[in-house]
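S.K.: just coords:
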């Protein structure tokens with residue numbers, strides 16, 4: 001057995017232990033499942049035994065894995081502490097918070113973040129980057145972003161999370177002249193136009209229908225933007241689900257989406273690394289954004 005262990009392989013193993021799924025761990029790290037599986041296989045070869053058993057019922061730890069994985073977790077905590085302390089010592093004057101935002105994040109939430117950053121004990125500059133969710137996750141993992149604001153639809157093990165906002169989902173349809181609320185069961189009879197699964201909206205829509213064991217009928221094409229979604233609904237190609245703030249105008253005909261009389265909502269969360277030198281300020285920022293939510297509501301979709 002070689003004494004040299006690849007830290008990335010250790011992180012892959014920890015992610016699988018936390019998610020109990022190779023595919024979920026790969027999504028969390030923004031890598032392909034074959035790449036993650038290969039990294040764990042190399043780690044197991046170096047350690048001399050298997051860490052996990054895979055079966056139709058899921059992933060379980062082997063007896064060997066049960067003994068080794070807690071040591072891996074402690075090793076990664078120590079390794080991250082080295083990086084965090086080095087950054088703290090070499091960047092004592094850093095006054096910026098680098099924030100990544102999904103295109104699905106409303107401008108009202110970004111404006112609120114700017115205000116809350118100025119309320120921190122030591123006011124900082126907020127540097128924004130908008131990108132798709134996979135890019136944001138990869139940049140957070142690589143330390144290129146300090147915090148990201150994304151829809152709460154995909155798990156990211158080992159990171160801190162706060163739900164910071166919830167927003168009603170509305171239905172834009174060719175027949176949206178009727179503004180009365182639409183029940184999800186009735187909406188399930190419609191054909192929906194989707195956007196590429198990069199901002200989180202398609203993931204949310206898919207999860208919503210799956211959670212209610214309802215088939216999702218989709219238009220065979222994809223819209224490139226929320227504006228195109230609206231344009232295509234006017235052409236009669238189908239309907240669209242969007243957060244209310246993503247309507248191009250409040251005057252766009254739409255219907256609130258309901259689930260047995262309750263508003264269907266999408267949740268947005270702040271995600272950051274607890275080992276970051278900025279972690280205390282990031283926690284204050286996330287908590288202040290959460291406290292300023294327009295309305296408290298139960299979280300919809302997948303827990304992260």
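M.R.: Structure received. On a predicted model such as this, the values are computed, not experimentally measured, just so you know.
S.K.: By mean pLDDT, flag the weakest helix or strand of the chain.
M.R.: The weakest-scoring helix or strand in the chain, judged by mean pLDDT, DSSP states H and E, is helix 63-90 (a mean of 81).
S.K.: the helices in this structure, which residues?
M.R.: 7-19, 22-29, 33-47, 63-90, 107-117, 133-141, 184-187, 201-211, 226-234, 279-291 (DSSP state H).
S.K.: Rebuild the ones you listed as JSON lines, extending it with distance to residue 262 and mean neighbour count.
M.R.: Placement of C-beta: from N, CA and C, glycine included. What follows is these, written out as JSON lines (distance: least, Cβ to Cβ, whole Å; neighbours: other Cβ atoms under 10 Å):
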{"stretch": "helix 7-19", "distance to residue 262": "29", "mean neighbour count": "21"}
{"stretch": "helix 22-29", "distance to residue 262": "28", "mean neighbour count": "21"}
{"stretch": "helix 33-47", "distance to residue 262": "36", "mean neighbour count": "17"}
{"stretch": "helix 63-90", "distance to residue 262": "39", "mean neighbour count": "14"}
{"stretch": "helix 107-117", "distance to residue 262": "22", "mean neighbour count": "15"}
{"stretch": "helix 133-141", "distance to residue 262": "26", "mean neighbour count": "20"}
{"stretch": "helix 184-187", "distance to residue 262": "10", "mean neighbour count": "16"}
{"stretch": "helix 201-211", "distance to residue 262": "13", "mean neighbour count": "19"}
{"stretch": "helix 226-234", "distance to residue 262": "24", "mean neighbour count": "19"}
{"stretch": "helix 279-291", "distance to residue 262": "21", "mean neighbour count": "18"}
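S.K.: Of all the ones you listed, which one is nearest residue 265?
M.R.: Taking Cβ to Cβ, helix 201-211 is the member of those nearest to residue 265, at 10.1 Å.
S.K.: Any idea which of the helices of the chain gets closest to residue 156?
M.R.: helix 22-29 (5.2 Å).
S.K.: counting contacts, what elements does the closest one pack onto?
M.R.: helix 7-19, helix 33-47, helix 133-141 (3 or more Cβ pairs under 8 Å, 6 or more residues apart in numbering; DSSP states H and E).
S.K.: JSON lines for the helices of the chain, including distance to residue 152?
M.R.: Output for the helices of the chain, formatted as JSON lines (distance: least, Cβ to Cβ, whole Å):
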{"stretch": "helix 7-19", "distance to residue 152": "16"}
{"stretch": "helix 22-29", "distance to residue 152": "14"}
{"stretch": "helix 33-47", "distance to residue 152": "22"}
{"stretch": "helix 63-90", "distance to residue 152": "24"}
{"stretch": "helix 107-117", "distance to residue 152": "13"}
{"stretch": "helix 133-141", "distance to residue 152": "11"}
{"stretch": "helix 184-187", "distance to residue 152": "19"}
{"stretch": "helix 201-211", "distance to residue 152": "9"}
{"stretch": "helix 226-234", "distance to residue 152": "19"}
{"stretch": "helix 279-291", "distance to residue 152": "12"}
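S.K.: closest to residue 173 out of those helices?
M.R.: So among these, helix 226-234 is nearest, using Cβ to Cβ, at 6.0 Å.
S.K.: Just the mean pLDDT for that closest one, thanks.
M.R.: The predicted model assigns helix 226-234 a mean pLDDT of 91.
S.K.: Show residues contacting that helix.
M.R.: 172-174, 176, 193, 195, 219, 223, 238-240, 242, 246-248, 252 (Cβ atoms under 8 Å, 6 or more residues apart in numbering).
S.K.: And the residues you listed, which of them are buried?
M.R.: 172-173, 176, 193, 195, 219, 223, 238-240, 242, 246-247, 252 (16 or more other Cβ atoms under 10 Å).
S.K.: Take the helices and strands packed on helix 22-29 and write them to TSV, including mean pLDDT and distance to residue 286.
M.R.: Converted to TSV, the helices and strands packed on helix 22-29 look like this (pLDDT from 0 to 100; distance: least, Cβ to Cβ, whole Å):
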stretch	mean pLDDT	distance to residue 286
helix 7-19	89	21
helix 33-47	92	28
helix 133-141	90	13
